[in-house]
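*Asks:* fold the following and give me the result.
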Amino acid sequence: MPKETEWIEFKVNNYKPDEIGEYLSALSNSALLHGQPHGYLVFGVDDKTHEIKGTKFRPSEMKVGNEDLEPWLARLLDPRADFKVHSHTTTLGDTVVLLEIGATGRRPIKFKGEAFVRVGSYKKKLKDYPEKERKIWLGTTPLAFEAEFAAEDLDADTVLQLLDYPTVFSSFGLPLPPGKLGVLNQLEDKRLIHKEGDSYSITNAGALLFARWLPEFPTLEAKAVRLIFYRGKGKLETEREITGKKGYVVGFEGLVEYLTDRLPVNEVLGKALREEVKMYPDVAVRELVANALIHQDLTQKGTSPMVEVYQDRIEVTNNGTPLIKPLRFLDEVPRSRNEVLASIMKEAGICEERGSGIDKVIHWSEVYQLPAPSFEEKRDHTVATLYSYRPLNEMTKDERVRACYQHAGLRQVHNERMTNSSLRDRFKISDGNYSKASRIIAETVEAGLIKPYDPENKSNRTKSYVPFWAPGVGEGNPV
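*Replies:* As a prediction, the model looks like this:
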């Protein structure tokens, strides 16, 4: 090359670890912008004259703290980037070191949480150049995370040892093929493994869903589900913490059973004896855990789906902001960032095909007379919360409004409309306390979450309501 470009950087001995990481981010992002398959960081060459000067930089001998440089860099690049280190010594004894990094494929490459880009011969923060950032997002043609490899260069026996293949076939409702080759062919057909010559690779989807033991796949071990039980209503005292060790499909039933068996119960007095009734509906718990697995952002590092059980609530958290606004989780057309995972988990009967999981959560919360569940976007995470029983007079205004909105949405899903009567039934308000339900409806209308179905109807007794996104009389299709 006659000079430096936006995807090639020349240096001699300036090899500070953080600088290297930032350059790898910048060169990978800039390579994509310029249609280049790779970016290059070259040590031992003068950036003005291109004269070979040689370098003292020895990546294999360098440490950051107690960690070798290369795994340190790989750990802090997000998403995980494929970079290689090449070293060559000339006949004159001058060493040249070249770091080669692939152009980003899914989204801008970050180092320590910050994305960089080359502008001319300068390294800059990508956020200061929104037009370049937009082009990177538009230019990525991702090899989906699910299709990347969790383990490579394996023989057939190792593949069958690592994957719980009998569960694969039972999940798909298929008979187990006779012979090893038949099993492997079917696994490849389901995009769980990939064959190249005589060796096999296991995809991230295959390992995440069907691993016999997830720690066998170091790049995915951090994606295991965590269950944390606290004493009280805060995080001050942990009672127990469990981390899943199996693939999602292999371990799902055991995970849900372990969780629901340890949830609190209520004692109610029957006609003759006291009996225990579960605080939370199993169906709702199951759906929220399945949603967290399916809708997580798998490219995020250092986070995993998490279920936290407190004295008065269950919080289910997945990494990644939702693709649908939380207010529209109910009855919205489902979208998933992990198409392979979603498809397989639906086929395995773990989640709903039609995206009705949240509908079920809200329905069963009403049946159990629980406060309305909440769905929130928090930074880079999505949090769904189930609350333990609390009487209406102990609910806050926001909780009453949320319950009223969800009730109207649930009625809309069933092709019905919310009325004062249906809301009284939802809250178990006596028929004589009509005004209490009216106040909750008025609060929810004022919040802009519901509206009268027919604004011309002035009769309080026959008025009905729909959620803000549903059509009213004369409004045609919903926006």
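*Asks:* helix, strand or coil for Arg240?
*Replies:* Under the three-state scheme (DSSP: H, G, I helix; E, B strand; the rest coil), Arg240 adopts strand.
*Asks:* tell me the contacts of it?
*Replies:* For Arg240, the contacting residues are Ile228, Phe229, by Cβ atoms under 8 Å, 6 or more residues apart in numbering. Yep, even glycine has a C-beta here, placed from its N, CA and C like the rest.
*Asks:* could you redo the last one with a cut-off of 7 Å?
*Replies:* By Cβ atoms under 7 Å, 6 or more residues apart in numbering, the contact set of Arg240 is Phe229.
*Asks:* all helices of the stretch 201-350 of the chain, in order?
*Replies:* Residue ranges of the helices in the stretch 201-350 of the chain, as given by DSSP state H, counting those that start in this stretch, are 204-210, 248-261, 282-295, 339-347.
*Asks:* mind listing what the spatially most central residue of the chain touches?
*Replies:* Most central in the chain under Cα atoms, centre = their mean is Gln296, positioned 1.0 Å from the mean C-alpha point. By Cβ under 7 Å, 6+ apart, the contact list for Gln296 reads Pro305, Asn318, Asn319, Gly320.
*Asks:* how near is the nearest residue to it once chain neighbours are set aside to Ala207?
*Replies:* Nearest residue to Gln296, sequence neighbours excluded (Cβ to Cβ, 6 or more residues apart in numbering): Asn318, at 4.1 Å. Noted for Asn318: a distance of 18 Å to Ala207, by Cβ to Cβ, to the nearest Å.
*Asks:* what's the per-residue pLDDT of the residue of the chain positioned farthest from its centre here?
*Replies:* The C-alpha centroid of the chain is most remote from Leu92, which lies 52.6 Å away (Cα atoms, centre = their mean). Listed pLDDT for Leu92 reads 87.
*Asks:* mind checking the SS state of it?
*Replies:* Leu92 is classified as coil under three-state DSSP.
*Asks:* can I get the contacts of Gln296 in TSV with neighbour count?
*Replies:* Output for the contacts of Gln296, formatted as TSV (neighbours: other Cβ atoms under 10 Å):
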residue	neighbour count
Pro305	24
Asn318	25
Asn319	22
Gly320	19
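*Asks:* return the member of those nearest to Arg424.
*Replies:* Asn318 (35.1 Å; Cβ to Cβ).
*Asks:* check contacts around that closest one.
*Replies:* Going by Cβ under 7 Å, 6+ apart, Asn318 touches Ala292, His295, Gln296, Pro305, His381, Thr382.
*Asks:* which of those sits closest to Gln161?
*Replies:* The nearest member of the contacts of Asn318 to Gln161, counting by Cβ to Cβ, is Pro305 at 25.9 Å.
*Asks:* excluding chain neighbours, give the residue nearest to that closest one in space.
*Replies:* Ala292 is the one closest to Pro305 (Cβ to Cβ, 6+ apart), at 4.3 Å.
*Asks:* look at that neighbour and report its pLDDT.
*Replies:* Note on Ala292: pLDDT of 93.
*Asks:* quick check, it in contact with Val316.
*Replies:* Yes - between Ala292 and Val316 there is a contact at 5.1 Å, judged by Cβ atoms under 7 Å.
*Asks:* list residues touching both of these two?
*Replies:* Counting by Cβ under 7 Å, 6+ apart, nothing touches both Ala292 and Val316.
*Asks:* when those two are compared, which one has more neighbours?
*Replies:* Applying other Cβ atoms under 10 Å to Ala292 and Val316 shows that Val316 carries more neighbours, namely 28 against 23.
*Asks:* so in terms of bridging, what pairs with that one?
*Replies:* Here Val316 sits in beta bridges with Val307, Ala384, as judged by DSSP bridges.
*Asks:* where's it relative to Lys56, distance?
*Replies:* 52 Å.
*Asks:* likewise for Thr167?
*Replies:* On the measure of Cβ to Cβ, Thr167 and Lys56 end up 53 Å apart.
*Asks:* wait, doesn't Ile350 sit right on Ala290?
*Replies:* Yes - Ile350 is within contact range of Ala290, at 5.2 Å (criterion: Cβ under 7 Å).
*Asks:* look up which helix or strand the spatially closest residue to Arg426 that is not a sequence neighbour falls in, please.
*Replies:* Nearest residue to Arg426, sequence neighbours excluded (Cβ to Cβ, 6+ apart): His407, at 4.9 Å. In this structure, His407 sits in helix 397-413 according to DSSP states H and E.
*Asks:* now the element after that helix, going C-ward?
*Replies:* Defined by DSSP H and E, the subsequent element after helix 397-413 is strand 418-419.
*Asks:* other residues contacting that following strand?
*Replies:* His407, Ala408, Arg411, Ser464, Tyr465.
*Asks:* let me see the mean pLDDT of it.
*Replies:* Averaged across strand 418-419, the pLDDT comes to 96.
*Asks:* how distant is that strand from the center of its chain?
*Replies:* Between the centre of strand 418-419 and the centre of its host chain there is 35 Å, according to Cα atoms, centre = their mean, to the nearest Å.
*Asks:* quick check: buried residues in the helix or strand following that strand?
*Replies:* Sequence order places helix 420-427 as the next helix or strand after strand 418-419, per DSSP H and E. Using 16 or more other Cβ atoms under 10 Å as the burial criterion, the residues of helix 420-427 that qualify are Asn420, Ser422, Leu423, Arg424, Arg426, Phe427.
*Asks:* the closest residue to the second one other than its chain neighbours and Lys16: what is the separation?
*Replies:* In space, Ser422 comes closest to Arg411 once its chain neighbours are excluded; the distance is 6.4 Å by Cβ to Cβ, 6+ apart. Counting by Cβ to Cβ, the gap from Arg411 to Lys16 is 62 Å.
*Asks:* what does Glu332 give?
*Replies:* 48 Å.
*Asks:* more crowded one of those two?
*Replies:* Each of Glu332 and Lys16 has its neighbours counted (other Cβ under 10 Å); Glu332 has more, 15 against 8.
*Asks:* you'd agree the more buried one is up against Leu323?
*Replies:* No - taking contacts as Cβ under 7 Å, Glu332 lies outside contact range of Leu323: 9.7 Å.
*Asks:* who's in contact with Gly232?
*Replies:* Gln311.
*Asks:* again, only using 10 Å
*Replies:* Glu239, Tyr310, Gln311, Asp312 (Cβ atoms under 10 Å, 6 or more residues apart in numbering).
*Asks:* what score does the second one have for pLDDT?
*Replies:* This means Tyr310. Listed pLDDT for Tyr310 reads 96.
*Asks:* verify the stated contact: it with Tyr280.
*Replies:* No - applying Cβ atoms under 10 Å as the test, Tyr310 and Tyr280 come out as separate, 11.8 Å apart.
*Asks:* quick check: neighbours shared by those two?
*Replies:* By Cβ under 10 Å, 6+ apart, the residues touching both Tyr310 and Tyr280 are Pro264, Tyr387, Ser388.
*Asks:* just among those, which is most surrounded?
*Replies:* Tyr387 (19 neighbours).
*Asks:* in contact with it, which residues are there?
*Replies:* 279-280, 310, 312-314, 365, 370-374, 395, 399.
*Asks:* list phi and psi for it.
*Replies:* phi -110, psi 150 (degrees, to the nearest 10).
*Asks:* nearest residue to it in space, please, no chain neighbours.
*Replies:* Pro371 (4.2 Å).
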